[in-house]
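In: Sequence plus the predicted model coming up.
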Amino acid sequence: MTAHLNPETAPRTATETDIAVVGAGLAGLIAATDAARAGNGVTLFDTRRPGGRAASTDIRGFRFNQGAHALYDTGPARAILASLGVPLTGGPPAVDRGRLLKQGELHRPPAGPASLLRTTVLSIRGKAAVGRVLGRIGSFDGDRNRDQTVNEWLDAQRMPDDAADLVRMLVRISTYTDAPDLLSAGAGIAQAAMGLVGVTYLDGGWQRLVDALTDAATQAGVIIRDHTAVDSIGADGHRWTVETGATTVTADAVILAGLSPIEAARLVGSTLGELGWDGLGPAAHASCLDLGVRRPAPIPALFSVDEPLYLSTHTPPADLAPEGMGVVQLLRYLAPGEAPDADATRAQLEAHAARAGVQPDDIVEQRYLHRMTVAHAIPLASTGGLAGRPAVTVTSHPGVFVAGDWVGEVGLLADATAASGRAAAVAAVRWAASVTP
Ligand SMILES: Cc1cc2nc3c(=O)[nH]c(=O)nc-3n(C[C@H](O)[C@H](O)[C@H](O)COP(=O)(O)OP(=O)(O)OC[C@H]3O[C@@H](n4cnc5c(N)ncnc54)[C@H](O)[C@@H]3O)c2cc1C
C-alpha cells in the first residue's frame, strides 16, 4: 500500500516530519528510504510521479528509458541499489559485434587484444598507444589527474592523433559529455575505465529501479507526496518549513535531491554565488532517439569516432520490447552551449540508424527527446574535478542538504546521484537527531 496523498483533495494543513526530501528521482528515493530505515519520519515530495530522469515510458510494449541508460557494473549506484534490495537483471551491450565510424568508413572496434591488432581504425603506432593506455587504465589515479582536462591528459600521453581520438570517444560515451577541454581527466578517464569493465542494460528499463525503490520507501514508512511541487523552504528557528501550494510541513532537516543547482538555490531563496556554487561547470545535454524495431539492428552498436554520435541495441540483451522485437537507442552528445536545430539533429540520428542497417520499415515505435539534461554540471578540471563539487552539507543553511549528479566527490551520472543521496541521508539523520534528541 503506498502512502500517496492527493494534493487536490487533501486539506491545507500544517504538518511535521523529521526529514523532508524534495525530489523523488533516484537521489530522493534513496535518501528517503535510508533516512526512514534509520528510524526517522520522512516526507518525500515530487512535482510529478516518482522517478525523475530514471522513469521509463511504455509505448505499446516498448519500454523506453529517457535516452540510452546503462548501469555501471562496478559503480556505487549498483552497490547502493543492491543494498536496498532492488533487482538488477539485464545484460551487457554487444560492443564486440559493433562497429566504429570514422570519416564515413566502418571499422571493427578494438574490443580486446586480438581485435586491437586487427582493427583498421588505428595505425600501427595508434594500436601500440591504445594498447599501452588500456593496459594501464585499470590503475588510473583519478585524484592525481583531477586538475587536468581530458585533452591535456591526452596530450601528456604523447599519443598519435588516431589513438587520442579513440580515447576521447570512449570518454564521451562513458561520461555522456562532449567537453574534453573542460572535463576533468580525473573524472573522465576513471569513468571510461569503469565503462570498459562493464555496464548492464536493465530488464524492464530504469522504471524497474524506480518501482522497487518506491516500494522500499513506502515499506520503510516514507510518505510520498507526488504531484506536489515545493515552492520554497524557509527557516523556523532551528527547523525548516517546506511550503507547497496546499501545506506547510515543518522538518528538522531538508534534503534537496536531484534538483538543478539553480532550482535548489531558488527554493532556499539564495543565489548560486551565495551558496558557493557559482564555479560549477555547464550542464551536459544530449539529443535522444529511441527506436522500437521489428528485428535486431544488423550492426548492434555503432559509435562514431569523429562525430558525437552513439547507437546501441538495448534489446537484446535487456527485456524492453514485445517478444521477438528490439529496442535501439541513439544519442547525439551536445557540447556546452551547442543548440542544434531539432529536425536536423533528428535527421542526423536517423541517418546514423540507417548506417547500422535500421531501415524505416523496421521501426515500429519511436520517440525523440531533443535536449535532455544528462548531468546538471560537468566536473571541471579548473575547479579540481570531483573534489571541487559541492558537499551534501549547505553550510549557509544548517539542516539543509543537497544530493544529485553535481554533488559530492564520488562518481558521475547515477553513481553521483546514488552516492550523494546516501551521504545526504546520513548527514540529515545526524542533524535531525541533534535538533530533536
Ligand atoms: C539521456 C540520458 C542518459 C543517461 N544515461 C545514464 C547512464 O547510462 N548511466 C547513468 O548512470 N546515468 C545516466 N543518466 C543519468 C541518470 O538518469 C540520472 O543521474 C538520474 O536519473 C538522476 O536522478 P536524480 O534523482 O539526481 O534527479 P532527477 O531524476 O532529475 O530527479 C529530480 C526530481 O525532482 C523533482 N523536482 C524538481 N523540482 C521540484 C520541486 N520544486 N518540488 C518537488 N519536486 C521537484 C523532479 O520532478 C524530479 O522527479 C542519463 C540521463 C539522461 C537524461
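Out: Yes, it's here. Numbers count the residues shown, from 1 in each chain.

In: can we go C-alpha only for contacts and neighbour counts from here?
Out: Fine.

In: how much space between the residue in the stretch 151-300 of the chain positioned nearest to the ligand and residue 122?
Out: Residue of the stretch 151-300 of the chain nearest the ligand, by CA to the nearest ligand atom: residue 258 (3.3 Å). The spacing between residue 258 and residue 122, counted by CA to CA, to the nearest Å, is 40 Å.

In: of these two, who's got more company?
Out: residue 258 (30 against 23; other CA atoms under 10 Å).

In: now that one, nearest residue through space, not along the chain?
Out: Among residues not flanking residue 258 along the chain, residue 404 sits closest, at 4.3 Å (CA to CA, 6 or more residues apart in numbering).

In: give the contact list for that neighbour.
Out: 27, 257-259, 416-418, 420-421 (CA atoms under 8 Å, 6 or more residues apart in numbering).

In: shouldn't the residue of the stretch 151-300 of the chain closest to the ligand be in contact with residue 405?
Out: Yes. Using CA atoms under 8 Å, residue 258 is in contact with residue 405, at 7.0 Å.

In: hmm, back to that, counting only helices, which of the contacts of residue 404 make the cut?
Out: Residues of the contacts of residue 404 located in helices (DSSP state H): 27, 416-418, 420-421.

In: Out of those, which is nearest to the ligand?
Out: Checking those against the ligand with CA to the nearest ligand atom, the nearest one is residue 27 at 3.8 Å.

In: What score does the closest one have for pLDDT?
Out: You'll see residue 27 listed with a pLDDT of 98.

In: same deal with residue 112?
Out: Looking at residue 112, its pLDDT reads 81.

In: any idea how far residue 216 is from the nearest residue to residue 221 once chain neighbours are set aside?
Out: What sits nearest to residue 221 in space, not counting adjacent residues and going by CA to CA, 6+ apart, is residue 36, at 6.4 Å. Distance check for residue 36 against residue 216: by CA to CA, it reads 10 Å.

In: Over to residue 271?
Out: When CA to CA is applied, the distance between residue 271 and residue 216 equals 35 Å.

In: So between those two, which is more surrounded?
Out: The neighbour comparison of residue 271 against residue 216 (other CA under 10 Å) goes to residue 216, with 22 against 17.

In: State the three-state secondary structure for that one.
Out: Following DSSP: H, G, I helix; E, B strand; the rest coil, we place residue 216 in the helix state.

In: so who does it touch?
Out: 33, 84-85 are the contacts of residue 216 under CA under 8 Å, 6+ apart.

In: Now with 6 Å, please.
Out: Contact criterion CA atoms under 6 Å, 6 or more residues apart in numbering gives no residues in contact with residue 216.

In: Equivalent analysis for residue 199, please.
Out: Going by CA under 6 Å, 6+ apart, residue 199 touches 70-73, 92.

In: Give the single residue among those residues positioned nearest to the ligand.
Out: Among those, and counting by CA to the nearest ligand atom, the member closest to the ligand is residue 70, at 3.8 Å.

In: what's the neighbour count on the closest one?
Out: 22.

In: the helices in the protein, which residues?
Out: Under the criterion DSSP H, helices of the chain are mapped to 26-37, 76-83, 113-118, 124-136, 150-156, 161-175, 185-197, 207-219, 261-267, 342-355, 413-435.

In: Is the longest one in proximity to the ligand?
Out: Translated: helix 413-435. Yes. Interface with the ligand: helix 413-435 contributes 413-415, 417 (CA under 6 Å from any ligand atom).

In: The ligand contacts on the stretch 101-250 of the chain?
Out: Neighbours of the ligand within the stretch 101-250 of the chain, by CA under 6 Å from any ligand atom: 229-231.

In: Grab the nearest non-local neighbour of residue 359.
Out: Residue 359 sits nearest to residue 353 (CA to CA, 6+ apart), 7.7 Å away.

In: do you know how far the one you found is from residue 25?
Out: Using CA to CA, we find residue 353 at a distance of 30 Å from residue 25.

In: now residue 213
Out: For residue 213, the distance to residue 25 equals 10 Å [CA to CA].

In: quick revisit: and the residues of helix 413-435 next to the ligand as CSV, adding neighbour count?
Out: Putting the residues of helix 413-435 next to the ligand into CSV (neighbours: other CA atoms under 10 Å) gives the following:
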residue, neighbour count
413, 22
414, 25
415, 23
417, 30
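
In: mind putting those residues in JSON lines, pLDDT included?
Out: What follows is the residues of helix 413-435 next to the ligand, written out as JSON lines (pLDDT from 0 to 100):
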{"residue": "413", "pLDDT": "98"}
{"residue": "414", "pLDDT": "98"}
{"residue": "415", "pLDDT": "98"}
{"residue": "417", "pLDDT": "98"}
